[in-house]
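K.L.:
sequence unavailable; structure follows:
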Ligand SMILES: Nc1ncnc2c1ncn2[C@@H]1O[C@H](COP(=O)(O)OP(=O)(O)OP(=O)(O)O)[C@@H](O)[C@H]1O
């Protein structure tokens, strides 16, 4: 195994012309864990993952995958890692099951192809040429190809983007099974629920850097335990609302017309907010008391919604 984690990134820099896509990113992923990279579009997640896979050469910093250099040691590393590209990869007109069987044949101790095909709901399309598969089927086949060789570490770039709920669940089950088998998984996602469900560690990336990292629980505990949210017309006078609230309160307009009050969220605070709304002619169409979610953490740190 070597010292350190399954994946060790230090001071990674990757530029495309004048654009710095990854800007001094450092990350250590312990063996046998699932790590989710979350970030807005263009944050640098794919660039980071493709550098780890050896498809891109870093402009600065170091990357070690299973203790090896993904570019210099590519031939030693390839049989030990699984890669699912965002694009699904480029394949010929071969039939889905043939491709998977061929792939399995390249490894010493592959998974059983039939079991994998069934687990991913691909049993109906084993004889279909790749180019005739639907987008979701291509994606599931790409996942199957990434894991069939029993890799020690798997990179999954947006594995569930565009999948229906059933296919998404099947993908989650595969990731859960990988984890149970001690496989290290690094995935990117735009889905908070996916990160919460699957990941031991969530890494929030923005503008090529890590802005926060931790278990989903720890990240959510970072601020107030509870918050009161309401929607109303955009641009309410929050200074006036704050005057009515206890000193330990804070209020923010997270998105136009979407407000959050934090502090000691109790019945008294709820009454104060609704009475302030009444005095100011504001009809809150939705009002709720919520635990801080990963979505909140993400928005606070990046100022962006996950799906833009
Ligand atoms: N081959 C390339 N040539 C030029 N610019 C690139 C290239 N690949 C990525 N970029 C730029 O680098 C930045 C980071 O892109 P990247 O694809 O890594 O982000 P991402 O976090 O994966 O985004 P998304 O969630 O949209 O997939 C973006 O500004 C992107 O336009």
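P.N.:
Arrived safely, thanks for sending. As the structure is a prediction and not an experimental result, all values here were calculated from the model. Numbers count the residues shown, from 1 in each chain.
K.L.:
the strands in the stretch 1-150 of the chain, which residues?
P.N.:
7-16, 19-29, 34-38, 60-65, 81-84 (DSSP state E, counting those that start in this stretch).
K.L.:
please identify the deepest-packed of those.
P.N.:
Across the strands of the stretch 1-150 of the chain, the average number of neighbours (mean count of other C-beta atoms under 10 Å) peaks for strand 34-38, which reaches a mean of 26. The way it works is simple: take the backbone N, C-alpha and C, and place the C-beta from them, glycine included.
K.L.:
now for residue 157, how many residues are close by?
P.N.:
24 (other C-beta atoms under 10 Å).
K.L.:
for it, what are its contacts?
P.N.:
By C-beta atoms under 8 Å, 6 or more residues apart in numbering, residue 157 lies in contact with 45-46, 49-50, 84-86, 187-188.
K.L.:
so which of those residues are also by the ligand?
P.N.:
Among the contacts of residue 157, the residues that sit close to the ligand (C-beta under 6 Å from any ligand atom) are 45-46.
K.L.:
from the contacts of residue 157, list just the buried residues.
P.N.:
For those, a burial check counting by 16 or more other C-beta atoms under 10 Å picks out 45-46, 49-50, 84-86, 187-188.
K.L.:
so residue 52 sits right up against residue 70, yeah?
P.N.:
Yes. Using C-beta atoms under 8 Å, residue 52 is in contact with residue 70, at 5.9 Å.
K.L.:
more crowded one of those two?
P.N.:
A count of neighbours by other C-beta under 10 Å puts residue 52 above the other of residue 52 and residue 70, at 26 against 23.
K.L.:
how far does stretch 273-289 stretch from one end to the other?
P.N.:
Start-to-end span of stretch 273-289 (C-alpha to C-alpha, to the nearest Å) is 12 Å.
K.L.:
cool, and stretch 255-264?
P.N.:
Where stretch 255-264 begins and where it ends lie 22 Å apart, using C-alpha to C-alpha.
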